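Asker: Pasting the sequence and the predicted coordinates here, then a few questions.
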Amino acid sequence: MKAQIQTEDIRKFNRDGAIFTGLMLAMLLSAAPLVVYLGYIGIGVWAVLAAVTLYYALRVERQKKRYDIQTYKEIVAFTEGKRLDEIEKAREFGKRPYQKLLLSIASALIALVVMVAMMHLLT
């Protein structure tokens with residue numbers, strides 16, 4: 001029974017992660033076209049899309065907190081149904097602050113590049 005629950009948790013985590021990824025890409029790629037072609041209505045549509053994306057982001061983060069997985073290595077181990085030992089867990093805990101900072105900066109830069117490219121294509 002425990003393996004079945006764990007498999008169900010992994011499946012749910014992977015599903016929510018895939019939905020979040022798709023919504024995030026849709027949100028990034030649709031912002032400029034919606035605003036340029038639909039104006040204020042486009043902003044409203046984008047805001048609804050952003051709210052749904054935020055909902056799935058919070059679901060994924062809640063699951064990550066529940067299973068104590070934050071770094072890439074921990075997430076990969078979880079999706080394979082494994083756990084890290086205590087030494088690996090301590091190493092990954094030390095990496096968390098740096099990884100979060102770098103991921104934040106990288107995602108902001110990617111979003112900036114995509115938005116500038118979309119604006120140049122639309123004008």
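Answerer: Good, I have the coordinates.

Asker: for this protein, which spans come out with low pLDDT?
Answerer: 1-5, 86-87, 96 (pLDDT under 70).

Asker: at 90 what do you get?
Answerer: 1-10, 28, 31-32, 35, 65, 67-104, 115, 118-123 (pLDDT under 90).

Asker: just the helices in this structure please.
Answerer: Per DSSP state H, the chain carries helices over the ranges 2-38, 40-66, 72-79, 86-122.

Asker: List of residues touching stretch 34-52?
Answerer: 23, 26-27, 30-31, 33, 122-123 (Cβ atoms under 8 Å, 6 or more residues apart in numbering). All C-beta spots, glycine's among them, are computed from the backbone N, C-alpha and C.

Asker: buried set for it?
Answerer: Neighbour-count burial for stretch 34-52 flags 34-35, 42, 46, 49 (criterion: 16 or more other Cβ atoms under 10 Å).

Asker: Please give me every residue in contact with Ala77.
Answerer: Here Ala77 is in contact with 69, 83-84 (Cβ under 8 Å, 6+ apart).

Asker: Next: Ala57.
Answerer: 20, 24.

Asker: mind checking how far it is from Leu28?
Answerer: Ala57 sits 13 Å away from Leu28, taking Cβ to Cβ, to the nearest Å as the criterion.

Asker: re the thing from before, out of the helices of the chain, which one sits most buried?
Answerer: The highest mean neighbour count among those, using mean count of other Cβ atoms under 10 Å, belongs to helix 72-79: a mean of 16.
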